[in-house]
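> sharing a model that was predicted from the sequence below.
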Amino acid sequence: MTRAVQQQSFRVVELGTDPGLALCGKWLGALGGTVLRVDEAGHPMAMRPLEAAPVNQAENPLDLYLNAGKERCTLDLDDAKDRATLAGLLAAADVFITSLEPARLTELGLDAASLGNHALTMGRTSLFGDRGAYAGLKGNDLQALALSGLLYIVGEPDRAPLPLPGVQASYSAGLALLSGVMVCVWAADRKRAFREIVTSGVRACAYLDWKSQIYFEAEGKVLVRGSDRGPIVVRCADGYLGFYYRPGDWENVKRVIGGTALNDERFATQAARDKNRAELREAMEQELANRRKAQVYAASQAANIPVGEVLSLTETLADKQYDARGFWQETEIAGHGTCRMPAMPWTVNGARQSLNSDAPAVVAGAAQ
């Protein structure tokens with residue numbers, strides 16, 4: 001992997017409308033790949049998966065974020081000439097990543113059986129997978145989160161499940177695809193061969209919920225929303241905090257929050273606190289009404305209580321810890337000037353790769 005990054009020696013063709021696929025392509029570019037995104041004519045990138053209205057990619061910030069630095073072209077894959085163009089691009093590629101359904105790939109001659117004689121790494125991702133009980137299902141990120149089990153544990157017990165923001169099932173599948181593809185790129189440095197990686201949002205999110213699996217395996221306990229393993233979110237003077245306290249932390253919680261309300265018998269045990277969550281939240285918020293969340297966060301951290309601030313986008317952009325960790329990077333995007341966006345989430349040999357945002361917009365021989 002490191003050698004590929006240093007030599008910028010692999011070429012990637014990306015085909016599909018899934019945001020997680022685009023995220024995978026984005027980081028492959030940051031890791032040294034030259035990424036060509038093929039937009040299929042008539043199937044624009046679905047960057048707003050819950051909305052039917054088409055989006056102008058030139059005015060779509062998410063499209064700009066996911067595809068900055070990629071070469072792009074548009075091909076009509078129902079046209080023989082454009083299919084031949086794509087075949088030529090794949091013949092020169094080292095990696096082919098796609099979110100097209102298996103039937104469509106077979107129709108286009110882009111399935112594993114057709115490409116198996118190429119020295120190529122093929123990566124496929126989807127929300128529901130193409131094998132097992134969920135294969136072929138239609139839906140969006142919300143359904144994938146539900147089938148994975150994540151919606152069973154996120155939110156308050158007396159309210160509807162709380163969906164995660166954005167398209168996290170898709171992104172999780174894309175990051176899983178990235179890991180698999182890079183292992184194959186590393187292996188290809190030693191032996192050229194066809195390799196295929198398949199991921200899905202449902203399976204990736206099921207792996208994200210590692211706590212539920214551990215508690216069930218160890219104790220036979222099924223975690224649900226509002227259990228003693230979940231957070232309680234409380235309002236401070238300027239926003240919210242999530243208290244992930246453990247039963248053994250309770251005395252420290254009382255000391256940090258102060259006052260006498262938490263000494264009530266309704267909160268004496270974890271079972272009682274679970275039963276009286278609404279009253280517990282009200283009591284905590286009364287004591288925190290005039291205190292800033294950063295102050296309470298710092299005091300909680302000093303007392304070894306797991307607590308997290310709920311940051312607004314503005315606060316996140318200005319957060320000193322994110323800056324110190326190199327979370328952001330400034331990227332020039334043609335027509336939009338300098339944009340601040342999340343940087344590569346890890347380093348290679350201590351160096352954090354940057355995206356090349358000046359790649360040509362169109363490949364010769366391909367229709368716009």
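Here it is on my side, so go on.
> run through the strands of the stretch 51-200 of the chain in chain order.
71-75, 95-98, 121-126, 195-200 (DSSP state E, counting those that start in this stretch).
> JSON lines for those, including mean neighbour count?
Every C-beta, even on glycine, is put in place using the N, C-alpha and C of the backbone. Listed next are those as JSON lines, based on neighbours: other CB atoms under 10 Å:
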{"stretch": "strand 71-75", "mean neighbour count": "20"}
{"stretch": "strand 95-98", "mean neighbour count": "25"}
{"stretch": "strand 121-126", "mean neighbour count": "27"}
{"stretch": "strand 195-200", "mean neighbour count": "22"}
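> for those, give me TSV that also has distance to Asp274.
Below are the strands of the stretch 51-200 of the chain laid out as TSV (distance: least, CB to CB, whole Å):
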stretch	distance to Asp274
strand 71-75	52
strand 95-98	44
strand 121-126	38
strand 195-200	34
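> quick one: which of the ones you listed is nearest Trp27?
When the strands of the stretch 51-200 of the chain are ranked by proximity to Trp27, the top entry is strand 95-98, at 11.0 Å, counting by CB to CB.
> for the closest one, name the packing helices and strands.
Here strand 95-98 is seen to pack against strand 11-15, helix 19-30, strand 121-126, helix 168-188 when contacts are counted using 3 or more CB pairs under 8 Å, 6 or more residues apart in numbering; DSSP states H and E.
> export the strands of the stretch 51-200 of the chain to TSV and tack on mean pLDDT and distance to Gly258?
Listed next are the strands of the stretch 51-200 of the chain as TSV, based on pLDDT from 0 to 100; distance: least, CB to CB, whole Å:
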stretch	mean pLDDT	distance to Gly258
strand 71-75	90	57
strand 95-98	96	53
strand 121-126	94	49
strand 195-200	92	48
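> so which of those comes closest to Ala303?
Ala303 lies closest, by CB to CB, to one member of the strands of the stretch 51-200 of the chain: strand 195-200, at 40.2 Å.
> give me the contact list for the closest one.
The contact list for strand 195-200 (CB atoms under 8 Å, 6 or more residues apart in numbering) reads 112, 120-131, 134, 144, 173-174, 176-177, 180-181, 184, 187-188.
> are any of the residues you listed buried, and if so which?
Among the contacts of strand 195-200, those buried by neighbour count (16 or more other CB atoms under 10 Å) are 112, 120-129, 134, 144, 173-174, 176-177, 180-181, 184, 188.
> tell me how many other residues crowd Asn263.
Close neighbours of Asn263, defined as other CB atoms under 10 Å, add up to 10.
> break this protein down into its domains, please.
The domain map for the chain lists 2-208+327-342, 232-312, with the assignment taken from automatic domain parsing.
> can you tell me which of these is most buried?
Greatest average neighbour count among the domains of the chain goes to domain 2-208+327-342 (a mean of 18), per mean count of other CB atoms under 10 Å.
> pretty sure Ser99 contacts Asp18?
Yes. Taking contacts as CB atoms under 8 Å, Ser99 lies within contact range of Asp18: 3.6 Å.
> follow-up on the earlier one: make JSON lines from the helices and strands packed on strand 95-98 and add distance to Leu105 to it.
Shown next, in JSON lines, are those (distance: least, CB to CB, whole Å):
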{"stretch": "strand 11-15", "distance to Leu105": "9"}
{"stretch": "helix 19-30", "distance to Leu105": "13"}
{"stretch": "strand 121-126", "distance to Leu105": "8"}
{"stretch": "helix 168-188", "distance to Leu105": "15"}
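> tell me which of the ones you listed sits nearest to Asn140.
Comparing those by CB to CB, helix 168-188 comes nearest, at 8.8 Å.
> got the CA positions of the closest one in CSV?
Extracted in CSV, the C-alpha atoms of helix 168-188 (Å, rounded to 0.1, in the frame of the first residue of the first chain):
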residue,chain,number,x,y,z
GLN,A,168,-24.0,6.6,7.1
ALA,A,169,-24.8,3.1,5.9
SER,A,170,-23.6,4.0,2.4
TYR,A,171,-20.5,5.6,3.7
SER,A,172,-19.7,2.7,6.0
ALA,A,173,-20.0,0.3,3.0
GLY,A,174,-17.7,2.6,1.0
LEU,A,175,-15.0,2.7,3.7
ALA,A,176,-15.2,-1.1,4.0
LEU,A,177,-14.7,-1.3,0.2
LEU,A,178,-11.7,1.0,0.5
SER,A,179,-10.1,-1.3,3.0
GLY,A,180,-10.6,-4.3,0.8
VAL,A,181,-9.5,-2.6,-2.4
MET,A,182,-6.3,-1.3,-0.8
VAL,A,183,-5.4,-4.9,0.4
CYS,A,184,-5.8,-6.0,-3.2
VAL,A,185,-3.7,-3.1,-4.5
TRP,A,186,-1.0,-4.2,-2.1
ALA,A,187,-1.3,-7.8,-3.2
ALA,A,188,-1.2,-6.7,-6.9
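> packing partners of that helix?
If contacts are counted by 3+ CB pairs under 8 Å, 6+ apart, helix 168-188 sits against helix 19-30, strand 95-98, strand 121-126, helix 141-148, strand 195-200, helix 201-208.
> rewinding a little: least reliable of the domains of the chain by average pLDDT, please.
Lowest mean pLDDT within these: domain 2-208+327-342, at a mean of 83.
> Arg37 belongs to a strand?
Yes. Under DSSP: H, G, I helix; E, B strand; the rest coil, Arg37 sits within a strand.
> residues in contact with it?
Counting by CB under 8 Å, 6+ apart, Arg37 touches Glu14, Leu15, Ala22, Gly25, Asn67, Lys70, Glu71, Arg72, Cys73.
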